[in-house]
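J.: quick one: sequence and predicted model below, then my questions.
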Amino acid sequence: MKVVSEACVAFSLAYVYVLLLIGTATVEATPFHRIIPPLQSLYGRRGPSLSHDYRDALTKSILFYEGQRSGKLPLNQRMRWRGDSALSDGAAGHVDLTGGYYDAGDNVKFGFPMAFTTTMLSWSVLEFGGRMGDNLDHAKAAIRWATDYLLKATARPGVIYVQVGDPNLDHKCWERPEDMDTSRNVYKIDADHPGSDVAAETAAALAAASMVFRTTDPIYSRHLLQTAMQVFDFADKHRGAYSDSLQSEVCPFYCSYSGYNDELLWGAAWLQRASRNVSYISYIQSHGQNLGGEDNVNIFSWDDKHAGARVLLAKEVLLRNSKSLEEYRGHADNFVCSLLPGTPNSQAQYTPGGLLYKMSDCNLQYVTSTTFLLFTYPKYLRVSKQVVRCGNMVVTPTRIRTLAKRQVDYILGDNPLRMSYMVGYGAKFPERIHHRGSSLPSIYQHPQIIPCNDGFQSLYSNAPNPNRLVGAVVGGPDNNDHFSDERNDYAHSEPTTYINAPLVGSLAYLAHSFA
């Protein structure tokens, strides 16, 4: 039986990091300053769309998470074609690990990307929750579905459960989560098998979420923060990459290609913001340089958090006048300059249609995470009445946000194909996404079990998915703005939780500012 590999994992991230070590990644795409003049012609005489229903897109981007839920579904579940699944998760390790999210189109629960998803959903609410309106409660519910699981995964002292399901066996099947009969092995890290990256990201997720629930559920909030501190201490004390401890179980799916230093810096930054404990400032001051705080990496993803940590720490400089972190303001400025066309330090590559292009597999994950930073950092700049200086160029918050908005508009349909890459948004969107539950008949339409091998008929079928995973954003087009909408083209047609998470915040900003 053919093993089906999944798309939005970083098979080629190792390649990207090699390029970053030797210089700017050379990708087959066009520098942005060369495509601005002909950009209007790509959309016909009337030019690109001047407006989108950002609130509708926001609603759908959050609804997507209900389609990714694992465990016992609540009575208010809105994605009605889904059913209960994986109700015995954790039994193999004599622990309750039910709940949480499936990361993408498969049926494995990977703790590393789930924690990053949680951090970014929480950051979206913290920065732009006031603009979400009726969507705020649903966003909080999406966060809590993850944090309830992460609390279970960290409940035993000295142990963190980081994965449920054997990905190699899971990828040999094409079956609904409700029908799963593959191994649900549990995988953990401990003092003898460290995983500072996944542990520190989990700490960041719990710390960020603690602020989301601080006023509405203070007891839960304190529990999240206390657990975050304990988990971070574990990550720092027992250092090592989790993919070294669990090589065959997590690679090549979610290997820690960038190492764990970025997560330690990121986790400390979130704990400092959540707790206001000066010990975390001291930690960052003492260890920041060794943790890669000065590394010139202009990527932000589930694997590399340096850019996010810089923006987070720059807030302390801009809004709290924290002189001890002044260098991170400069690093954040450099990150912005590396993305803006025409600046002396510009390194970014763009497709002919104007989309930021980082790599061939699941490129939109980098677009949405980067775009979130390009909306968030200008917020801090505007409040502090600051600008970014890229050499002799002065870059205003408005210019930064203009670039960010263009990326979101591209995703929603302002592109050469006039196609939305969010399922269910717009007149034209992907209909054959690489997703087991979406591509197979719902258990409510087909109650009989669909065995592992039988599901492959759906994988290779050209028929549209019978269940619409509303709000799912797929991996996206290639470097020439092409998209085939083929289910087996996992590199471009698979959605993931971490593509959507930062987009939630960007859409919340746009829904309020361009209503």
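T.: Looks like it came in fine. Residues are numbered from 1 along each chain as shown.

J.: who's in contact with Cys395?
T.: Small correction: residue 395 is Val, not Cys. Applying Cβ atoms under 8 Å, 6 or more residues apart in numbering to Val395 gives the contacts Val336, Cys337, Leu340, Thr343, Val387, Val388, Arg389. For glycine as for every other residue, the C-beta is placed from the backbone atoms N, C-alpha and C.

J.: in the sheet, who's paired with it?
T.: Beta-bridge partners for Val395, by DSSP bridges, are Val388.

J.: returning to that earlier point: let's see if you can find the most crowded of the contacts of Val395.
T.: Val336 (26 neighbours; other Cβ atoms under 10 Å).

J.: what's the pLDDT at that one?
T.: pLDDT, Val336: 96.

J.: what segments of the stretch 251-400 of the chain are strands?
T.: Taking DSSP state E, counting those that start in this stretch as the test, the strands found in the stretch 251-400 of the chain are 388-390, 393-395.

J.: which one of those lies nearest to Met180?
T.: Nearest to Met180, of all these, is strand 388-390, at 48.4 Å by Cβ to Cβ.

J.: what helices or strands is that closest one leaning on?
T.: Secondary-structure packing of strand 388-390 (3 or more Cβ pairs under 8 Å, 6 or more residues apart in numbering; DSSP states H and E): helix 326-339, strand 393-395.

J.: residue contacts, Thr371?
T.: Counting by Cβ under 8 Å, 6+ apart, Thr371 touches Leu356, Ala404, Gln407, Val408, Pro502, Leu503, Ser506.

J.: if I look at the second one, how far off is Gly413?
T.: Going back to what we said before, that points to Ala404. For Ala404, the distance to Gly413 equals 16 Å [Cβ to Cβ, to the nearest Å].

J.: neighbour count winner among the two?
T.: Applying other Cβ under 10 Å to Ala404 and Gly413 shows that Ala404 carries more neighbours, namely 25 against 22.

J.: what sits closest to that one if chain neighbours are left out?
T.: When the adjacent residues along the chain are set aside, Ala404 lies closest to Leu374, with 3.7 Å between them (Cβ to Cβ, 6 or more residues apart in numbering).

J.: surely that neighbour and Arg401 touch.
T.: Yes. Counting by Cβ atoms under 8 Å, Leu374 does reach Arg401; the two are 6.8 Å apart.

J.: and those two? which has more neighbours close in?
T.: Neighbour count, other Cβ under 10 Å: between Leu374 and Arg401, Leu374 has more, with 25 against 22.

J.: may I see the buried residues of stretch 149-159?
T.: Tyr149, Leu150, Leu151, Lys152, Ala153, Thr154, Val159 (16 or more other Cβ atoms under 10 Å).

J.: please flag which of the residues you listed sit within strands.
T.: Per DSSP state E, strands hold the following members of these: Val159.

J.: just put the buried residues of stretch 149-159 in CSV and tack on distance to Leu58 and pLDDT.
T.: Below are these laid out as CSV (distance: Cβ to Cβ, whole Å; pLDDT from 0 to 100):
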residue, distance to Leu58, pLDDT
Tyr149, 24, 98
Leu150, 24, 98
Leu151, 27, 98
Lys152, 29, 98
Ala153, 29, 98
Thr154, 30, 98
Val159, 37, 97
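
J.: Ser183: which of the buried residues of stretch 149-159 is nearest?
T.: Nearest to Ser183, judged by Cβ to Cβ, of the buried residues of stretch 149-159 is Ala153 at 18.2 Å.

J.: picking that back up, most tightly packed of the helices and strands packed on strand 388-390?
T.: With neighbours taken as mean count of other Cβ atoms under 10 Å, the helices and strands packed on strand 388-390 reach their highest mean count in helix 326-339, at a mean of 21.
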